[in-house]
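> let me see the structure of the following:
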Amino acid sequence: MTNLVLVECKGRINIVQNAASRRAKTGDTQGALSWAARQVSPRDKALALTGVADGILSHNEPKKP
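Alright, predicted model coming up:
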């Protein structure tokens, strides 16, 4: 994700949130949080943490029959 600086604002929001969310959905919450903490921009860090929260909630949802 070193090229995030080159991504426009709207796309960047989706990339940061989705990347963190996907990692947390797999159960790798520690890895997702670690990645979020490494974000330099406070905004990117907040977006990543939002994605982690979404991933945790999705991972813990009961499976639909």
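> distance of the residue positioned nearest the centre of the chain from Leu33?
Nearest to the mean C-alpha position of the chain, counting by CA atoms, centre = their mean, stands Ala20 at 1.9 Å. Distance of Ala20 to Leu33, computed by CB to CB, to the nearest Å: 8 Å. Bear in mind the C-beta positions are built from the backbone N, C-alpha and C, glycine included.
> give the residues shared as contacts by these two.
49, 52 (CB atoms under 8 Å, 6 or more residues apart in numbering).
> tell me the SS of the residue nearest to the centre of the chain?
helix (DSSP: H, G, I helix; E, B strand; the rest coil).
> which SSE is the spatially closest residue to it that is not a sequence neighbour in?
Excluding the flanking residues, the one nearest Ala20 by CB to CB, 6 or more residues apart in numbering is Gly51, at 3.2 Å. Counting by DSSP states H and E, the element that carries Gly51 is helix 42-60.
> can you give me the neighbour number for Thr50?
For Thr50, the count of nearby residues is 16 (other CB atoms under 10 Å).
> my read is that it contacts Gln17, right?
Yes: contact criterion CB atoms under 8 Å: Thr50 and Gln17 qualify, at 5.8 Å.
> how far away is the residue nearest to the centre of the chain from Pro62?
Distance from Ala20 to Pro62, by CB to CB: 22 Å.
> ditto for Lys45
Lys45 is 30 Å from Pro62, by CB to CB.
> just Arg38 next, same as before
32 Å.
> higher neighbour count, these two?
Arg38 (11 against 5).
> flag every buried residue along the regular element (helix or strand) spanning Ala24.
Per DSSP H and E: Ala24 is located in helix 9-25. Buried residues in helix 9-25, counted by 16 or more other CB atoms under 10 Å: 12-13, 15-17, 19-21, 23-25.
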